[in-house]
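In: Give me a model of this one.
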Amino acid sequence: GQQLKEAQAINKSLSALSDVFVALSRKSAHIPYRNSKLTHFLQPCLSGEGKALVIANLSPIEDSAHESLCTLRFASMVGSCELGKAVKH
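Out: Here you go, the predicted structure:
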């Protein structure tokens, strides 16, 4: 029910965030910031006008190994992105 809808919304937002980081790492002409509320909200932080920090939370439980691996892949991809120098306003 409600938890499934929340999980789907979170996954959709994280997927959109991943798309932004992929576009940034490829230095694409178009960065899809408007694909979700999350990426639209984070645009000033991710477009060279700020700094971004991503914290990956992993579970030590063996049943969560797949999810932890996906989290590590996401963190690795984010870590390979260069956002540029922060601009002071």
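In: buried stuff in the longest helix belonging to the chain?
Out: Using DSSP state H to define each element, the chain has its longest helix at helix 2-25. Neighbour-count burial for helix 2-25 flags Ser13, Leu14, Ala16, Leu17, Asp19, Val20, Phe21, Val22, Ala23, Leu24 (criterion: 16 or more other C-beta atoms under 10 Å). Yep, even glycine has a C-beta here, placed from its N, CA and C like the rest.
In: At which residues are the helices of this protein located?
Out: Using DSSP H, helices in the chain cover 2-25, 37-46, 65-79.
In: Could you export the ones you listed as JSON lines, including mean pLDDT and distance to Val54?
Out: Listed next are the helices of the chain as JSON lines, based on pLDDT from 0 to 100; distance: least, C-beta to C-beta, whole Å:
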{"stretch": "helix 2-25", "mean pLDDT": "91", "distance to Val54": "9"}
{"stretch": "helix 37-46", "mean pLDDT": "90", "distance to Val54": "11"}
{"stretch": "helix 65-79", "mean pLDDT": "90", "distance to Val54": "5"}
